[in-house]
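J.: Next one to model:
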Amino acid sequence: MSEVSVNSQMLGLKDVQVHVDDHGGPGRPVVLIHGWPLSGESWSEQIEPLQQAGLRVITYDRRGFGRSDKPSSGYDYDTFADDLAGVLEALDLRDVTLVGFSMGGGEVVRYLTRHGADRIRNVVLAAAVPPYLLQSEDNPDGPMTQDLADDMESQLKQGRSAFFDDFTTQFFAAGGEGEPLVTEQQRQDAIRMAEQSDQDAALGAMEAFGTTDFRDELPKITVPVLIVHGDADGIVPFEGSGQRSADAISGSEVVLVPGGPHGLNVSHAKEFNDALIDFLTRDPRGVTA
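T.: Modelled structure (predicted):
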């Protein structure tokens, strides 16, 4: 266990109170942005390794999820990015690494194009949804068909518990099928986090990550970018997401983790953490501020 105590607090951001955990650490900040429908607790496998690498680790729960407030609106990427900006500003964080997992990758991209990179050193897109998930005539390489999107929405509306039980199994299984590549306790932890979500938030965020088009934003990113993805991701397949993002972002690096499912930060924590820490410590500007 880390010797650094966690500073947990609720930050007031415009119309919402957001739960933030500052896990501490000796150096510059890394802000970890969780995926759908989880919370900041989903980064448990990353916190101590990043601290040991000389970094200050900060997690937070997206509005509508985890321990944050659950307002009736604001479940779009402009608002999510504004919330992220509010966290950075409230804590006066600078020289920051942003790590966005799955739908959290959308927050990273929208933050950069909406708020700029003055506070940002570099970013990581981990199993992330950009550039554009929904398949259409204009986006034939999108990995999510309209039928799949409609089916996910219908199942979530019909029964949250059954949906989350099935979704977490796919989340941690190679190709989204078969047995999860994590312990049953880890899967149950994910279900518990998912159950903390507000239903309006879960549905609104699902629409946001499925239908938001980041294609024009990716080439505008100017900070160093690492893309980490599992080659067995059945939820957000690499070919339709990570690979396309890498093609669009000049100078980006890619680490493709063999056998990694969508939830590779848990199932393949060592490989994920090694890639993350290697990227950060190879930065010629160094780890510390």
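
J.: count of neighbours near residue 184?
T.: Neighbourhood size, residue 184 [other Cβ atoms under 10 Å]: 8. Any C-beta I mention is one placed from the backbone N, CA and C, and that applies to glycine too.

J.: My error: substitute residue 201 in the last question.
T.: 24.

J.: got a list of what it touches?
T.: Applying Cβ atoms under 8 Å, 6 or more residues apart in numbering, one finds that residue 201 lies in contact with 62-65, 70, 75.

J.: The residue nearest to it when sequence neighbours are not counted: which element?
T.: The shortest distance from residue 201 to any non-neighbouring residue, by Cβ to Cβ, 6 or more residues apart in numbering, is to residue 64 (2.4 Å). Assessed by DSSP states H and E, residue 64 sits outside every helix and strand.

J.: Tell me how far residue 64 lies from residue 111.
T.: Separation of residue 64 from residue 111 (Cβ to Cβ, to the nearest Å): 18 Å.

J.: so what's residue 41 closest to, chain neighbours aside?
T.: Here the residue nearest residue 41, using Cβ to Cβ, 6+ apart, is residue 193, at 5.8 Å.

J.: Correct me if wrong, but that neighbour is in a helix.
T.: Yes. Assigned with DSSP: H, G, I helix; E, B strand; the rest coil, residue 193 falls within a helix.

J.: How many residues are close by it?
T.: 22.

J.: before we move on, the earlier item: looking at the contacts of residue 201, which is nearest residue 163?
T.: Comparing the contacts of residue 201 against residue 163 with Cβ to Cβ picks out residue 65 as the nearest, at 15.3 Å.

J.: Quick check, that closest one in contact with residue 196.
T.: Yes. The criterion here is Cβ atoms under 8 Å, and residue 65 meets it with residue 196 at 6.6 Å.

J.: who has more neighbours, the two?
T.: Comparing residue 65 with residue 196 by other Cβ under 10 Å, the one with more neighbours is residue 65, at 27 against 18.
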